[in-house]
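>>> sharing a model that was predicted from the sequence below.
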Amino acid sequence: MLASFDSAPASQAPVTHFSPEHCALSIDRFNLAYAGKPALRELTLSVPRHRVTAFIGPSGCGKSTLLRAINRLHDLNESVKHSGHIELEGQDIYAPQTNVTELRRRVGMVFQTPNPFPMSIYENVAFGLRLQQRLPKRQRDDIIEWALTSAALWDEVKDRLHRSAWQLSGGQQQRLVIARTLAVQPDVLLLDEPASALDPISTLKIEELIRNLKSQLTLVLVTHNMQQAARVSDYTAFLQDGELVEYGPTDQVFTNPHLQRTENYITGRMT
Amino acid sequence: MSRFITVAHRRLLDRLWPWLCAASVALSLLMLTALLTLLLVRGLGHFWPASLEEITLRSGDVVAGQAIRETPLPQKIGNERLYFTGNRDIDGASWRWVDVDNIIARTTPADLIRLERAPWGDFIGRLESLEADGQRMMGQAAWDYLAAALALPADQRPTGQLLLTTADGQALSQPLSTTSRALAPNAMSWGQKTRLWGSSVWQFLSEGPRAANTSGGVWPAIFGTVLMVILMSVIVTPFGVLAAIYLNEIAHQNRLTRLVRIGVRNLAGVPSIVYGVFGLGVFVYGIGGTLDTWFFSATLPSPTFGTGGLLWASLTLALLTLPVVIVATEEGLARIPDAQREGAMALGATRLEMLTRVVLPMTVPAMLTGVILAVARAAGEVAPLMLVGVAKLAPQMPVDGEFPYLHLERKFMHLGYHLFDTAFHGEDVQAAMPLVYATALLLVLIVLVLNLTAIFLRHYFRRQRGNEC
Ligand SMILES: Nc1ncnc2c1ncn2[C@@H]1O[C@H](COP(=O)(O)OP(=O)(O)O)[C@@H](O)[C@H]1O
Ligand SMILES: [Mg+2]
């Protein structure tokens, strides 16, 4: 992976850039405000393809806001104003000609609490597929099996595909939601604290899943769990008060952060 | 002050308050049971073939009739008893109060009969003979012939003449064709009585009214009520659901939306007769009158749609129950977590797809709750209907074999209004009273059945979706 480090003033961390052919998402001086209250400020960062990038930072620093901006979920809220650019594979997602539903297919999103639909397991995974195209049943079944297998859930549910998804455990539900997203073959998967509502065993399964999935797509993981970020991510961005503080390879951010602020947060010495 | 409240006090209070709650539940249940029991006993008891008594009074009078009830005499010691004696054509009244002390003999002779007749109401007395087919039959032969004749459909009965005598010996001659039913309850076994009771209840449910609604059945009213409620639901559900979707999912949640929402909620409190006036002015005279001048000018001045009818009644009630459906659906929509909506959107669903595939299926139980409440309210509503289409006696059913089969412009009968009419506008209100109870029971049962259907549907949809909202 090509990553270049700009030399920067001492008070600032070096900025991590990726060359365009390795860059899945690039965010450029992005600002966002809820009803006039800024939540993201001058955010600039790029996310490498087929890697796991973790966003960490204290509660309320704007991690979820940023993920939702990448998926354009803020569109529904008229009080949200934004400026700057977010590019997916070189295309501005806020450009007028962007097809929002197609963008959302390409950028999958998994939320903190599992949100399977009140349908069967099968129908949950088929949901996104049915929106896209009419597939013959055989082909659809194959995709569903593949998606559930990729989400490490197939063996647990293959005998009860037509049972209600709400009967699954929390961890299984979260993996089902991931499978549902994978079924429409996104380029990027955004995970907003996907394991924070789960027990430790389920959490480990999700983490393993995230590591395995990076061969297929680009992952962005928001977590408040520092060990989790260290365990699964390749790159880590530390946000505070809507600003990017430090961004670099996970090893370096965790073992040798450039800034005192980052070190304080990581070692738990929050002010 | 609270410092002086001891732990014992607090424990006592904590033990007592559940009993207070339980007591109010018990009271409600008690009143409900009392209501249903009253309706059941009075309503269903009416169809039981009660025995007929023949009593001899101190004065020498002989009276035959059915004992109804006994009350203490206002002045003297002792009771007086009310008898239904029938024979309004002979005695001028069908009821008689008798001082119990004046009765010297009380028997239930097996040959006393009761005839249901078209004019003058019931006859109570004896069948002396019957002339038919050119011969004269006496006693049991006459009775058998009469029973066989009445078992035939009305248009196939033979002509004949009944010779009857009352208990006090007055003779009466009456054509067979005026008689619709004959019973000799004193000669009947329990089994026969039970069977007769069953068939009377069935007749009540399946036949039309007779004698200006004071006897006979209520089938047209049942049919009218149910049809009107179904039409109303079919109209109100889509409107209410669309309005709720607009208010909850589409409109900006600003002050105007809140104002509209408060307005809708308050509409539910508008007295129903006001809706009736609105329906009369707007639907009947406004829209109906216009339709008549456009499409039915040939029959004017006699109105087709410009007068009360099934359609206008259903529309008026739909308007009346619209707030109920809107509020229930809105509450259902508001309960659906945004996570579900975002989950669908994040998969690339459009807003319409998100609504129709995720949100609305989850809201079905709430919608059904709204419809249940609407039905419960509409089925019992009478006041507005009197202005927009209910009839005391509808000459034709709103559905028949004549094209277009469903006649939306026709007037219809309604159980609530029928009840009111039977109770207050008959010639012999006293005699019709049991029918009023029976009709009330039926109205309660119909509302119950409609509600249970909707509750069953709601349960079914909940189970199917495996959700708990
Ligand atoms: N829908 C919203 N309306 C107004 N303010 C919001 C909304 N969502 C988040 N915020 C605010 O934006 C800031 C960032 O929130 P969020 O992105 O949820 O933080 P994080 O996910 O890092 O905990 C917080 O101050 C929060 O109060
Ligand atoms: Mg968050």
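Ah, there it is. Ligands and ions are numbered 1, 2, ... in the order given.
>>> show me where chain A has strands.
A:4-5, A:16-17, A:23-34, A:37-48, A:52-56, A:80-88, A:91-92, A:107-110, A:188-192, A:218-222, A:235-240, A:243-249 (DSSP state E).
>>> do the same with the stretch 201-350 of chain B
Here the stretch 201-350 of chain B has its strands, by DSSP state E, counting those that start in this stretch, at B:209-210, B:215-216.
>>> turn those strands into TSV, columns for mean pLDDT.
As requested, those are exported to TSV (pLDDT from 0 to 100):
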stretch	mean pLDDT
strand B:209-210	73
strand B:215-216	70
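>>> returning to that earlier point: quick one: the strands of chain A as TSV, columns for mean pLDDT too.
What follows is these, written out as TSV (pLDDT from 0 to 100):
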stretch	mean pLDDT
strand A:4-5	48
strand A:16-17	77
strand A:23-34	93
strand A:37-48	93
strand A:52-56	95
strand A:80-88	94
strand A:91-92	92
strand A:107-110	94
strand A:188-192	95
strand A:218-222	95
strand A:235-240	94
strand A:243-249	93
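>>> any idea how far chain A is from residue B:196?
Distance, residue B:196 to chain A, using Cβ to the nearest Cβ, to the nearest Å: 53 Å. (Each C-beta comes from the backbone N, C-alpha and C, glycine too.)
>>> what's the neighbour count on residue B:89?
14 (other Cβ atoms under 10 Å in any protein chain shown).
>>> from the chain's centroid, how far away is whatever helix or strand it lives in?
Assigned by DSSP states H and E, residue B:89 belongs to helix B:88-91. Mean-position distance between helix B:88-91 and its chain equals 32 Å (Cα atoms, centre = their mean, to the nearest Å).
>>> what does that helix rub up against?
Helix B:88-91 has contacts (Cβ atoms under 8 Å, 6 or more residues apart in numbering or on different chains) with B:85, B:94, B:119-121, B:166, B:170, B:172, B:428.
>>> ok, and the most crowded of the residues you listed?
Neighbour max across these (other Cβ under 10 Å) = residue B:85, 24 neighbours.
>>> and for the residue lying closest to that one once chain neighbours are set aside, the neighbour number?
Once flanking residues are discounted, residue B:85 sits nearest to residue B:65: 3.7 Å by Cβ to Cβ, 6 or more residues apart in numbering or on different chains. When neighbours are counted by other Cβ under 10 Å, residue B:65 registers 26.
>>> part of a helix, is residue B:65?
No - counting by DSSP: H, G, I helix; E, B strand; the rest coil, residue B:65 is not part of a helix but strand.
>>> check contacts around it.
Neighbouring residues of residue B:65 by Cβ under 8 Å, 6+ apart: B:52-53, B:83-86, B:96, B:124.
>>> would you format the strands of chain A as TSV with mean neighbour count and distance to chain B included?
Below are the strands of chain A laid out as TSV (neighbours: other Cβ atoms under 10 Å in any protein chain shown; distance: least, Cβ to the nearest Cβ, whole Å):
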stretch	mean neighbour count	distance to chain B
strand A:4-5	12	33
strand A:16-17	20	27
strand A:23-34	18	15
strand A:37-48	19	17
strand A:52-56	27	17
strand A:80-88	17	14
strand A:91-92	13	16
strand A:107-110	26	4
strand A:188-192	24	9
strand A:218-222	26	13
strand A:235-240	25	21
strand A:243-249	21	24
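>>> now those strands as CSV including distance to residue B:404?
Converted to CSV, these look like this (distance: least, Cβ to Cβ, whole Å):
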stretch, distance to residue B:404
strand A:4-5, 80
strand A:16-17, 75
strand A:23-34, 57
strand A:37-48, 62
strand A:52-56, 66
strand A:80-88, 54
strand A:91-92, 58
strand A:107-110, 53
strand A:188-192, 57
strand A:218-222, 62
strand A:235-240, 69
strand A:243-249, 71
